[in-house]
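Engineer: Can you look at this prediction? I've put the sequence above it.
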Amino acid sequence: MSSPDREDDTGPSAKKRKVQRACDYCRRKKSDGYQRADNRCSKCTSRRTDCTYVEPLYVRRSAPEFDIFLILFYVDKVEGRMQRLEQLLKKLSPGIDITKELDSTLSDNEGGSSASVGASTRSDTSTLRTGKPSTSTTLSPPIAASPSIPAVSDDLDPSDDESELQKNIVDGFNRLSIDPVTYRYHGKSSGLVFVRAAKHLKDQIEADMTTTTKAQSTEEPPRSVNKQYAPIPVKDAPPPFTEFPPEDLLGDLMNLYFREMNDYMPLLHEPTFKQCIKNGLQHHHGAFGGTLLLVCACGARFSDDSRVLLEGTHNTESAGWKWFETVERVYKSYMAPATVYDLQVRVLLVLYLQGTTVPHTSWTHIGIGVRMGVDIGAHRKKMYGAIPTIEEEMIRRAFWILAVLDWGSAYSMGRPASIHDEDMDLGLPLECDDEYWISSGGERAFQQPHGRPSKNCFFTSYIRLCQILAFAVRTVYSINKSKSALGHGDQQWEQRIVADLDSALNRWVDTVPGHLRWDPDREDTLFLKQSAVLLSHYYQFQIAVHRPFISTRRGSPLSFPSLIICTNAARSGVRVVSHLYQRTGDPSYKNLSSLFMYAVVLLLSVWGEKKSGRTVNAAQDVAYVKKCLEMIRACHRKCVTAASFPSRLIFNAPIVQDGDGR
């Protein structure tokens, strides 16, 4: 960069370079400056200010090159600041050799984990900003401070006409500052976006105006006002946790969590998570330590080790509660923007609570998690880079899990959902197993080997199925006011909606990958379990579509066919889960709600036949109900709520005690 008074170093007789660009102030105001012979532009002359050329000149580049340029400039600023800090320390403590102390710290790599974490953080930051996955074989934890959301790309959806206004140099420097202001999402209706549009128009008009017609402004308006009386914490990380399970128990609980829960709800990247534990990150990073404790709490539900119980009790319902309570007590503040760990902690809190005696309390945590994700833009496609990174993919996974948990809770509790499918446009999670996220041996990162089915296909198929359920909840279960607003006031709306939902379910069946289609003789145990859970939920959601029309208190042309569809779905679902139970000895706690729904539908069918005087299928259906009760009781250790299901069914169904159906 040149300045008006800078000379070439070719000799004393060298001529001064002529500045071929506008001064700093004119470039900030998007004006050419109208340079004069004395190297002072007319604007600076009228303002009586120095005409400087010290700010770097930015040339519009493609996104990766521009990011690298910003990073290099930022590194220069940091190095200069570090030199000034060293000089200050030498003045304050002249007797200490600071250079020697710093060099020894870097070479000794004290503690092993801290240096590794620091290096990995820098690596992840570079990966997120450049959009390229790291090729290093060393696994690194996600950025702890805040999820670095990539800048908005050039090829945005045409509907997002406000996005171009967010692309400016100031945002780039804010994200590269020592203490950055974390990006928080604002949509089209936001007043902030409206203000940006006004500023954009103002800048365009000022750029087209000549200096003779511009208003003679003496000072720029302040960019921000620092209100010392109302400080808001930028960072809100929990303190490090100090008490963790013994090492042998810790390993067992982690393995139980990943096999029983993460294989179905892939929240965590297993290699990265275990590498962070190996580096000791949990001992000095509160958010990651909380994630680990909740993993132990969830894994405790599947453990027979007495150390997972509360001290002084043998009640298995207390499994993992001490670790859950430790984390839940800390996570109370929501002022700081969410990190990837915050989203993961919120999901783990929900997963644990859903297996306790107070599953309804998870509904609040789901809503908080969804809001935290929306706050950082996790629900929008444009917030993710074109090239996947580990942190971005974990954010994507966490938000999708929160969404499906939200839709499932809205259905099971009869409450409004926190977010709807049409509010989201982020892509589905990658169908790539964890071990292929990091490149090795010249292979591409995030590339599933050809011919090797991914276990993560289960989750993407489950998301598509839950999208159908979410639509059903908003239509067939909506209140009359919502039906009128959606144009469902005529007599035929029920038939149209149900027909559309049935068609959507049939299309979903066609999209299920081959290794997840139901095959009772499948050898792979994981795929057998995943296919059984998928099909079981398919039958449950089919019942959910038709259930409102089998009520005896309303007359509908769909009543009789809906009852037949629900009954057949319940029988088919019982057979699928029963076969899984026979093969593995575990009906899977993930089928618990389905089994309960099957039993209720079959009881309605039996009572209906008894009322009409026909008992053709009553004995068979009663046998199915008893099988449901048996499998529900088998889930009691893994899901405490299973204990209350049989008593509810038996109380409402004395016919179960009578094998002949009378």
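Structural biologist: Perfect, thanks for sending it. Numbers count the residues shown, from 1 in each chain.

Engineer: Could you use CA atoms for every contact and neighbour count after this?
Structural biologist: Will do.

Engineer: Now do stretch 514-526: distance from first to last residue.
Structural biologist: Using CA to CA, to the nearest Å, the span of stretch 514-526 from its first residue to its last is 14 Å.

Engineer: Tell me which residues of that stretch come out buried.
Structural biologist: Within stretch 514-526, the residues that qualify as buried by neighbour count (16 or more other CA atoms under 10 Å) are 515-518, 526.

Engineer: Which single one of those residues is nearest to residue 452?
Structural biologist: When those are compared for distance to residue 452 (CA to CA), residue 515 comes out closest, at 10.0 Å.

Engineer: right, and that closest one touches residue 451 too?
Structural biologist: No - proximity of residue 515 to residue 451 does not meet the contact threshold set by CA atoms under 8 Å, at 11.0 Å.

Engineer: ranges for the helices of the stretch 551-662 of the chain?
Structural biologist: Along the stretch 551-662 of the chain, the segments classed as helices by DSSP state H, counting those that start in this stretch run 559-584, 592-612, 618-634, 644-652.

Engineer: circling back to that earlier point, return the closest of the buried residues of stretch 514-526 with respect to residue 314.
Structural biologist: After measuring the buried residues of stretch 514-526 against residue 314 - CA to CA - the closest member comes out as residue 526, at 31.3 Å.

Engineer: Packing partners of the helix or strand hosting the closest one?
Structural biologist: With secondary structure defined by DSSP states H and E, residue 526 is part of helix 525-546. Counting contacts by 3 or more CA pairs under 8 Å, 6 or more residues apart in numbering; DSSP states H and E, helix 525-546 is packed against helix 457-475, helix 493-511, helix 559-584, helix 592-612.

Engineer: 7 Å - rerun?
Structural biologist: Under the contact criterion of 3 or more CA pairs under 7 Å, 6 or more residues apart in numbering; DSSP states H and E, the helices and strands touching helix 525-546 comprise helix 457-475, helix 559-584, helix 592-612.

Engineer: Please convert those to TSV, extending it with distance to residue 625 and mean neighbour count.
Structural biologist: Putting the helices and strands packed on helix 525-546 into TSV (distance: least, CA to CA, whole Å; neighbours: other CA atoms under 10 Å) gives the following:
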stretch	distance to residue 625	mean neighbour count
helix 457-475	24	20
helix 559-584	9	19
helix 592-612	5	20
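
Engineer: Just send these back as a markdown table, with distance to residue 407 too.
Structural biologist: What follows is these, written out as a markdown table (distance: least, CA to CA, whole Å):
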| stretch | distance to residue 407 |
| --- | --- |
| helix 457-475 | 6 |
| helix 559-584 | 21 |
| helix 592-612 | 14 |
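
Engineer: okay, the ones you listed in a markdown table with mean pLDDT and distance to residue 241 next?
Structural biologist: Written out in a markdown table, the entries for the helices and strands packed on helix 525-546 read as follows (pLDDT from 0 to 100; distance: least, CA to CA, whole Å):
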| stretch | mean pLDDT | distance to residue 241 |
| --- | --- | --- |
| helix 457-475 | 96 | 31 |
| helix 559-584 | 94 | 37 |
| helix 592-612 | 88 | 34 |
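
Engineer: Can you say which of the ones you listed is nearest to residue 313?
Structural biologist: Across the helices and strands packed on helix 525-546, residue 313 has its closest neighbour in helix 592-612 (26.5 Å, CA to CA).

Engineer: Correct me if wrong: residue 429 contacts residue 397.
Structural biologist: Yes - Residue 429 is within contact range of residue 397, at 5.9 Å (criterion: CA atoms under 7 Å).

Engineer: who's more crowded, the two?
Structural biologist: Higher neighbour count among residue 429 and residue 397: residue 397, with 26 against 20, using other CA atoms under 10 Å.

Engineer: Next, the contact list for the more buried one, please.
Structural biologist: 266-267, 429 (CA atoms under 7 Å, 6 or more residues apart in numbering).

Engineer: hmm, try it at 6 Å
Structural biologist: The neighbours of residue 397, taking CA atoms under 6 Å, 6 or more residues apart in numbering as the test, are 267, 429.

Engineer: Torsion angles phi and psi at it?
Structural biologist: Phi and psi for residue 397, reported as degrees, to the nearest 10, are phi -60, psi -50.

Engineer: Next: residue 450.
Structural biologist: phi -60, psi 130.

Engineer: What is the neighbour count of it?
Structural biologist: When neighbours are counted by other CA under 10 Å, residue 450 registers 6.

Engineer: gap between it and residue 470?
Structural biologist: Taken as CA to CA, the span from residue 450 to residue 470 is 33 Å.

Engineer: which stretches of the chain form strands?
Structural biologist: For the chain, none of the segments meets the definition of strands by DSSP state E.

Engineer: looking at it, which helix or strand is least sure?
Structural biologist: helix 113-130 (a mean of 36; mean pLDDT, DSSP states H and E).

Engineer: Good, wrapping up.
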